[in-house]
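S.K.: give me a 3D structure for the following:
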Amino acid sequence: MVRIRFFPPSSAPSLAEVAVWCGATLGANADSDRVIQDVAALDQAGPGDLTFLDNPRYLDALKRTRAAAALVSPRYAGAAPASCATLIVAEPYRAMALVMTKLYPLAVKPGSIFGETGISPKASVHPTARLEPGVVVDPGAVIGRGAELGAGTVVGPNAVIGPGVRIGRDGSVGASTTILAALIGDRVIIHPGAHIGQDGFGFALGARGHLKVPQIGRVIIQNDVEIGAGVTIDRGANRDTIIGEGAKIDNLVQIGHNVVIGRHAVLVAQSGVSGSSAIGDFAALGGQAGIAGHLTVGAGAQVAAAAGVMTDIPAGERWAGAPAKPVRKFFREVAALKRLADGDANAE
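M.R.: Sure, this is the predicted structure:
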């Protein structure tokens, strides 16, 4: 069957070039002039491919690989077959990411779906909007009054950029995304169907009915943030919702009004952060984790998948469960419940 490639490699580097890209050292059996044509997983790689070993669980696959070369840590430098050159590096997975960024630039920052190199005549751009040279706008996109877009930013089809929104340079706005009341930095990647800057969920509840509270804040997204498909980020109620530099937000995440997400925090798919909570720098939320309102998850803390957080989490701690608690306590409780259940079963 013909192999259909959506992201063909942009070049065919030598092993010497690959080593420079990722800071690796060529192993004793490596021919520095050997050319790499593609990358592949250990068990799928062929004679022209580069692969890598990061998890020792796949050591047997490394021993059997047909790859031309493999990125490996010093510990496993001797485990590859004689036909597979080694590039030795402390962090093979990170090294592979650096190589792939060079080889597949369109997989990092999506380009125009229609192959546009400028502003499509089928886009709607308000005459007061300011677009720097090099902005690409696909058909059907709408750019509102007074919006500003920096050079190198790509706006996908049917995306809507609201009045006064500012987006920095070298960003990407995916198809059917909406952005309102937001200030966005450089190199921000927003995947299709994300919605940023709409009303937060604010109502004065009461017996006479629920009165809508005007949401007059903004969304501030700092440099080098990546936002997954279908993410929703509400604008602040009376202050700003802030996404810190380098944060990575997976698909289908909900971020409420006034939330502050710290630098390089990671939010995995279907997690949610309720209004006015703060997630610290380098903290991580597992899939479907939920954070109640007005809480703080400290810097470097880790929240397990499906956890329900109802109280502050100190910096650096790992919590799990619903209601969430320190992970050791959570597993002690799980073990205690198992003993009780096993005892009841034996009694029967």
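S.K.: where does the stretch 151-300 of the chain have low pLDDT?
M.R.: The model of the stretch 151-300 of the chain has no residue with pLDDT under 70.
S.K.: just the helices in it please.
M.R.: With DSSP state H, counting those that start in this stretch as the criterion, the stretch 151-300 of the chain has no helices.
S.K.: do the stretch 1-150 of the chain as well
M.R.: 15-22, 59-64, 92-103, 105-108.
S.K.: of those helices, which is nearest Leu131?
M.R.: Taking Cβ to Cβ, helix 105-108 is the member of the helices of the stretch 1-150 of the chain nearest to Leu131, at 21.4 Å. In this view, the C-beta of every residue, glycine as well, is placed from N, C-alpha and C.
S.K.: tell me which residues are up against that closest one.
M.R.: By Cβ atoms under 8 Å, 6 or more residues apart in numbering, the residues outside helix 105-108 that reach it are Phe7, Ser10, Met100, Thr101, Ile189.
S.K.: could I have the CA atoms of it written out in PDB?
M.R.: Extracted C-alpha coordinates of helix 105-108, given in PDB (Å, rounded to 0.1, in the frame of the first residue of the first chain):
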ATOM      1  CA  PRO A 105       8.300  22.400  10.700                       C
ATOM      2  CA  LEU A 106       4.600  22.200   9.500                       C
ATOM      3  CA  ALA A 107       3.800  19.700  12.200                       C
ATOM      4  CA  VAL A 108       5.000  22.200  14.800                       C
END
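S.K.: please tell me how far it is from the chain's geometric centre.
M.R.: The chain centroid and the centroid of helix 105-108 are separated by 14 Å under Cα atoms, centre = their mean, to the nearest Å.
S.K.: could you do stretch 194-202 as well?
M.R.: 20 Å.
S.K.: likewise for stretch 233-246?
M.R.: The chain centroid and the centroid of stretch 233-246 are separated by 17 Å under Cα atoms, centre = their mean.
S.K.: which positions in that stretch come out as buried?
M.R.: When neighbours are counted by 16 or more other Cβ atoms under 10 Å, the buried residues of stretch 233-246 are found to be Ile233, Asp234, Arg235, Gly236, Ala237, Asp240, Thr241, Ile242, Ile243, Gly244, Gly246.
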